[in-house]
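# quick one, what's the 3D model for this:
(one chain, ligands or ions: 3)
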Amino acid sequence: MTFKVSFNSEIKSNTGLILIILDDSLQLTDHITKLDKKYDGILSDAVKLETLSKKGGSKSLYYKKGKEVKEILLYNIGNLTELSIDNIDIVGGEIFSLLSNSVKSITICCSINKKLKMIQEEFATKILHGIKLRSYTFYKYKLKSKNKFKSSLTEVELIVKDINSAKKYYNPLKALEEGVFLTRNLVSEPANILTPKTLAEEAEKLKKLGVKVEVLKLAQIKRLKMGALLGVAMGSANEPRVVSMSWNGTKNKKSKPEVCFVGKGVTFDTGGISIKPSGGMEDMKWDMGGSGVVIGLMKALAGRKANVNVTAVVGLVENMPSGKAQRPGDVVIASSGHSIEVINTDAEGRLVLADAVTYAIRKFKPKRLIDLATLTGAVIVSLGPQRAGVFSNNDELASNIFDSGEKTGEKVWRMPVGKEYDDDIKSPIADMKNVGSGRGAGATSGAKFIEQFVKDIPWAHIDIAGVTWSKSNSKLFPTGGTGFGVRLLNTYVKDFIE
Ligand code: BES
Ligand code: ZN
Ligand code: ZN
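Ligands and ions are numbered 1, 2, ... in the order given. Predicted coordinates:
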C-alpha cells in the first residue's frame, strides 16, 4: 500500500530523487560534499540561494551529464534548537507534500552538522515516519482507474551512519504506522463491508501478533444481559459483537492490566427510529471510530512489543430503523442492572458503551479505563476538528492524556463532568435517560451517562467525533480517516505506564 523502506550507509548513484535535509546553517556534511563534487558543485551553489535561506525553504535541482539525469531536492528544516523531537515527524509530512506525484523512489540524506538533541539515526527515522504517515491513501475501491490513483512512490531509502541503530529506532515507529493505518482503513471502509461481524474478524487478526482476542456473539451477549447494547442492535439484520483483547507484554503476565481501552463501534448510525437527516448520513460509516482506534492501538502496542499489560473491549453494533428497532421511550436494562429510558435512539453510542464498560470492568478489573467514541455532535460544536474532548474523574489521568496530546499533535481539551451535571440525565421512570434535559452541554451529558457505569476507577472518556475524519489534508494525513487517538494513546502508554 505504501512504500518499501530500506537503510543504507552510502548514497548509490542509481537511486531516484535525492532529498537532502539541511538545518539553517546550510552546511554540507561529508557524504554530501562528496556528492557535490560528483555533481560539479551544484549543491554548494544551491545553498547560497535565497529560496533556501528560510525555514521550510526548498530547492529542486536537475543534474544532467550524458545520459545521467538526477533530481535533487534540498530542504531547510530551520533552527534545530527550536525543533523538539516530537515535531520532527511533522517536518517529514511537510516534505512529503513537496514531492511531485511522479516520484518513484527517494533517497533521504540529512546534512546536519549542529549538535542534535537526539542521535542522527533517531532524527532520520522520525522524518521517515512523518513521510510515511502523510503518504497513506485509501484507493482500494478505485477499481477501473487503479493506475491513476496508485501512488508512484514505491521506495524510500534512508542514508544513516549506523544502520542497526536506525532500524532499532524505526521498528517501533513502523509498528505505530501499521496501527494508525489499520485504524484509517477501518474507518474508511463502507458499512456494507464493515459490519459488526467483519470488524470483529479484523480484531481477531491481531492474534497473529500475540494479542489474546475473544469474540462474543449474539447468544453470549444475550446471556450476559447486555440490554442497552442489544436495544441498539435490535433494528439491524447484522448481529452485534463484543470483542475483548489483551496484550500481556510484561514478565508478570498475571498482574492486573494497567489500563483497559473501550471503544464505540457503531458500524453505521442511521439514528434508528430517531432517524438522522439524509444529508451527510454517509459519514456515519465512521461511527465505529472509537473501536477502530482501540484495535489500531492494540496492533501498535503488540507490534512494538510494548512492555505493558493492557486490555481492550469494543462494542460493535449497527443502528438501524426497522420493524424490530427499539423506539423512543423504551426502557432497557443494562448488564450493570441499571434501567435506561431511551429518549432518543440516535444517542446509541452511550448505550453500547454502558455494556462494553461494564463488561470491561468485570472481566479485566483494570487499574484505569479510557473509552473512545464518536459520541456527540456537541463536541464538534465546542472544539471543532482541532481537539478531541476529554472528560475524566481523575486529574492525573486527564493531565497525562493532555500532555500526550500536546506531544503528538493529537490534541485534547478537558471538559467538565462534575456533580453539577448530575440531574441532566435523570429520568422520571427509570434510573437514567440516554439524553440530557435539553439545557446544552450535550457532550457532557454523554460523558455523564458513561460515568454511571464506571464506578470509582480512574476513567477518561475521549469524544473523538470531531477529529476522526478530516475533510482536508493535514500535515500527517490526507483527507479521510485520521487515525486520531492511536498516536496519542501509544504515547500515553509509553510515557506514563511503561
Ligand atoms: N454518532 C453520533 C455523533 C456524531 C455526530 C459523530 C456527527 C460524528 C459526527 C451520535 O450517535 C449521535 O447521533 N449523537 C447525538 C446525540 C443526541 C441525540 C443527544 C448528537 O450528537 O446529535
Ligand atoms: Zn447516533
Ligand atoms: Zn453514533
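# which SS class is the residue of the stretch 1-150 of the chain found nearest ligand 3?
In the stretch 1-150 of the chain, the residue that lies nearest ligand 3 is Phe138 (21.4 Å; C-beta to the ion). The C-beta positions use only the backbone N, C-alpha and C, and glycine is treated the same way. When the structure is split into helix, strand and coil by DSSP: H, G, I helix; E, B strand; the rest coil, Phe138 lands in coil.
# what's the neighbour count on it?
18 (other C-beta atoms under 10 Å).
# counting by contacts, list what the helix or strand of the chain with the lowest mean pLDDT packs against.
Taking all helices and strands of the chain together, the one with the lowest average confidence (mean pLDDT, DSSP states H and E) is helix 146-149, at a mean of 80. Packed against helix 146-149 by the contact rule (3 or more C-beta pairs under 8 Å, 6 or more residues apart in numbering; DSSP states H and E) you find no helix or strand.
# the next helix-or-strand element following that helix - what's its average pLDDT?
Counting by DSSP states H and E, the element after helix 146-149 in chain order, helix or strand, is strand 155-159. The average of the pLDDT scores along strand 155-159 is 94.
# what lies in contact with strand 155-159?
Around strand 155-159, the neighbours that count as contacts under C-beta atoms under 8 Å, 6 or more residues apart in numbering are 3-11, 15-16, 31, 104-110, 124-125, 128, 131-132, 166.
# one more: stretch 56-74?
Residues beyond stretch 56-74 that count as contacts (C-beta under 8 Å, 6+ apart) turn out to be 13, 16-20, 22, 39-40, 42-43, 46-47, 49, 51-52, 75-78, 94, 98-99, 103.
# now with 6 Å, please.
Residues from elsewhere that reach stretch 56-74 (C-beta atoms under 6 Å, 6 or more residues apart in numbering): 17-20, 39, 42, 46, 49, 51-52, 75-76, 98.
# same check on stretch 263-281?
With C-beta under 6 Å, 6+ apart as the contact definition, stretch 263-281 has outside contacts at 191, 194-196, 235, 284-285, 287-288, 290-291, 294, 314-321, 325, 327-328, 344-346, 349, 352-353, 372-373.
# just checking, which of those residues belong to strands?
Secondary structure of the contacts of stretch 263-281 is defined by DSSP state E; positions in strands are Val314, Gly315, Leu316, Val317, Glu318, Asn319, Leu372, Ala373.
# and the two most separated of those residues?
Glu318 and Leu372 (18.7 Å; C-beta to C-beta).
# the two - which one has more neighbours?
Under the criterion of other C-beta under 10 Å, the comparison of Glu318 against Leu372 puts Leu372 first, with 30 against 26.
# list the contacts of the more buried one.
For Leu372, the contacting residues are Gly263, Gly290, Val293, Ile462, Ile464, Gly485, by C-beta under 6 Å, 6+ apart.
# show me what the helix or strand containing Ser97 is packed against.
With elements taken from DSSP H and E, the one containing Ser97 is helix 88-98. If contacts are counted by 3 or more C-beta pairs under 6 Å, 6 or more residues apart in numbering; DSSP states H and E, helix 88-98 sits against helix 120-135.
# how far is the helix it packs on from where the chain is centred?
Going by C-alpha atoms, centre = their mean, to the nearest Å, the spacing between the C-alpha centre of helix 120-135 and its chain's C-alpha centre is 17 Å.
# quick one, that helix and strand 155-159 angle?
Taking axes from the mean of the first three to the mean of the last three C-alpha atoms, to 10 degrees, one finds helix 120-135 and strand 155-159 inclined to each other by 160 degrees.
# what are the buried residues along helix 120-135?
The neighbour-count criterion (16 or more other C-beta atoms under 10 Å) identifies 120-135 as the buried residues of helix 120-135.
# and what of stretch 438-458?
441-454, 457-458.
# could you do stretch 28-36 as well?
Within stretch 28-36, the residues scored as buried using 16+ other C-beta under 10 Å are Leu28, His31, Ile32, Leu35, Asp36.
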